[in-house]
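S.K.: no sequence for this one, just the structure:
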């Protein structure tokens with residue numbers, strides 16, 4: 001078989017798969033009856049039933065779940081250009097996903113929509129059998145294809161900058177190349193991934209360095225310019241090692257990775273919790289149990305796999321410093337001097353992979369009402385041994401992922417804003433930012449959204465029920 005015929009067979013494989021998907025969606029479309037009526041916004045236009053902010057994997061999965069529930073009047077917004085949604089083609093600097101290849105995600109348990117089905121159709125069954133971990137570029141390609149084959153309406157390069165009440169609806173202000181525009185929606189889902197809680201954090205000594213000396217790992221970084229340079233990486237999670245490896249592969253003269261803890265985190269707690277009971281029902285536990293589990297899990301941080309470490313360790317220029325928090329950083333003509341408990345290291349550039357600050361007021365779309373978003377600290381006081389001020393700043397969400405008010409009655413409309421991102425972690429565990437939780441978390445979110453829409457329409461639906469008079473049979477009198 002020549003290359004051209006092989007490529008044609010793979011293309012035909014995708015065509016066959018897409019035909020099967022169309023048939024599967026049709027066969028599992030029950031109940032098909034539409035149940036929502038158009039709602040007019042204050043400006044006279046039709047409001048969306050649900051707007052989803054974020055067209056990454058969580059936003060796409062949520063949109064698919066809504067479409068399956070006959071919530072058709074939806075729109076997904078993303079500030080990135082098409083194809084750049086989520087981290088996969090920007091700041092995700094790993095070679096492969098860290099999840100096992102058999103974890104399912106946005107398919108929502110439909111076999112023909114799984115990554116495996118797409119991979120086998122595109123590259124062949126043998127390729128799937130030989131695969132160990134999914135290449136991040138292939139996962140991004142799969143998400144692009146999923147969005148297309150399911151028919152999800154997405155508007156790119158549209159950044160949400162404000163959310164306000166508008167006569168029983170939400171007014172969503174977006175900024176794009178066409179200026180600002182207000183859209184109206186009954187419900188809003190913030191599927192904004194890692195950035196949903198505030199802003200990327202920088203340790204104070206590093207933040208004081210000039211911009212030419214440092215970057216956060218989520219920012220664009222010119223790694224080619226680091227060839228021959230001395231690079232420091234702050235943090236010891238998987239992303240820290242990914243960035244260290246990328247700098248080493250770009251030809252950095254030395255890469256020092258600083259871990260503030262005495263030991264690196266090699267246990268991955270998310271592997272333990274990937275079972276149906278935990279993923280589906282952590283959110284059903286009382287606050288004490290939810291806090292106990294999540295404070296213990298988040299205290300461990302996310303472990304890194306062997307391949308991630310080996311990608312760095314094969315380079316002689318790599319050094320790992322344990323028990324080495326950066327105490328101070330001083331910039332000079334010859335570089336920046338970083339001081340740690342064991343001494344000092346001179347570097348040319350610093351990359352921080354130190355997580356995110358929890359500050360909802362830093363998010364422009366939340367700033368109008370951030371002060372009235374209830375946090376875990378507002379609702380629960382843990383035992384002294386479990387206290388953690390950082391975790392207390394996580395938003396305290398309703399059972400449908402909705403924001404709750406700190407002061408009841410001040411902003412009642414925020415209950416129509418549902419947060420499905422890493423900020424959901426304290427309330428529901430792995431959910432809006434994890435592939436492993438999608439098959440359980442997305443149905444819960446979608447159920448909460450449709451429950452709210454149904455309750456809001458119950459009087460209209462009651463009237464429609466009372467007026468329903470379509471006979472199924474004709475009863476003829478006996479002859």
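M.R.: Structure's in. What do you need? Worth saying up front: this structure is predicted, and the values here are computed from it rather than measured.
S.K.: Angles on the backbone of residue 339, please.
M.R.: Phi and psi for residue 339, reported as degrees, to the nearest 10, are phi -100, psi 130.
S.K.: Strands of the stretch 301-450 of the chain, start to end?
M.R.: Taking DSSP state E, counting those that start in this stretch, the strands of the stretch 301-450 of the chain run over residues 318-321, 328-332, 335-340, 343-347, 349-352, 356-358, 417-419.
S.K.: what's the least confident stretch among those strands?
M.R.: Mean pLDDT is lowest for strand 356-358 among those, at a mean of 84.
S.K.: Can you tell me which helices and strands it packs against?
M.R.: In terms of contacts (3 or more Cβ pairs under 8 Å, 6 or more residues apart in numbering; DSSP states H and E), strand 356-358 is packed against strand 198-200. In short, each C-beta sits where N, CA and C put it, glycine included.
S.K.: The strand it packs on - which strands sit beside it in the sheet, and in what orientation?
M.R.: Take DSSP bridges as the rule and strand 198-200 pairs in its sheet with strand 356-358 (antiparallel).
S.K.: ok, and for the strand it pairs with, which residues are buried?
M.R.: In terms of neighbour count (16 or more other Cβ atoms under 10 Å), strand 356-358 has its buried residues at 356, 358.
S.K.: what does stretch 303-314 give?
M.R.: Across stretch 303-314, burial judged by 16+ other Cβ under 10 Å covers 303, 304, 305, 308, 309, 311, 312.
S.K.: Regarding stretch 68-85, how distant is the last residue from the first?
M.R.: 23 Å (Cα to Cα, to the nearest Å).
S.K.: how far does it sit from the chain's center?
M.R.: Its chain's C-alpha centre and that of stretch 68-85 lie 14 Å apart, by Cα atoms, centre = their mean, to the nearest Å.
S.K.: same question, stretch 315-326
M.R.: The mean C-alpha position of stretch 315-326 is separated from the chain mean by 30 Å, Cα atoms, centre = their mean.
S.K.: neighbouring contacts of it?
M.R.: 203, 205-206, 234, 236, 244, 248, 252-264, 312, 338-342, 345 (Cβ atoms under 8 Å, 6 or more residues apart in numbering).
S.K.: Whichever of these end up buried, select them in PyMOL.
M.R.: In PyMOL, this line selects whichever of those come out buried by 16+ other Cβ under 10 Å:
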select buried, resi 203+205+206+234+236+244+248+252+254+255+256+257+258+259+260+264+312+338+340+345
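S.K.: low pLDDT regions in the stretch 201-350 of the chain?
M.R.: Scanning the stretch 201-350 of the chain with the threshold set as pLDDT under 70 gives no residue ranges.
S.K.: that older thread, mind checking which of the contacts of stretch 315-326 are in strands?
M.R.: 234, 254, 255, 256, 257, 258, 338, 339, 340, 345 (DSSP state E).
S.K.: who are the neighbours in contact with residue 108?
M.R.: Contacts of residue 108 (Cβ under 8 Å, 6+ apart): 61, 64, 65, 68, 438, 439, 442, 443.
S.K.: what mean pLDDT does the host helix or strand of the second one have?
M.R.: Same thing as residue 64. Taking DSSP states H and E as the criterion, residue 64 maps to helix 57-68. The average pLDDT for helix 57-68 rounds to 97.
S.K.: and of the ones in strands among the contacts of stretch 315-326, the nearest to residue 166?
M.R.: The shortest approach to residue 166 among the ones in strands among the contacts of stretch 315-326 belongs to residue 234, at 43.2 Å (Cβ to Cβ).
S.K.: excluding its backbone neighbours, what's nearest that closest one?
M.R.: Distances taken as Cβ to Cβ, 6 or more residues apart in numbering place residue 352 nearest to residue 234, at 4.7 Å, with adjacent residues excluded.
S.K.: For the one you found, name its beta-bridge partners.
M.R.: Residue 352 has these beta-bridge partners by DSSP bridges: residue 216, residue 234.
S.K.: Other residues contacting the longest strand anywhere in the chain?
M.R.: Longest strand of the chain, by residue count under DSSP E: strand 179-190. Strand 179-190 is contacted from outside by 39, 41-43, 45, 47-54, 59, 62, 75, 161, 163, 166, 169-174, 196, 365, 401, 416-421, 445, 449, 452-453, 456, using Cβ under 8 Å, 6+ apart.
S.K.: Please indicate which of those are buried?
M.R.: 39, 41, 47-54, 59, 62, 75, 163, 166, 169-174, 196, 365, 401, 416-421, 445, 449, 452-453, 456.
S.K.: Before I go, just wanted to say thanks for your time.
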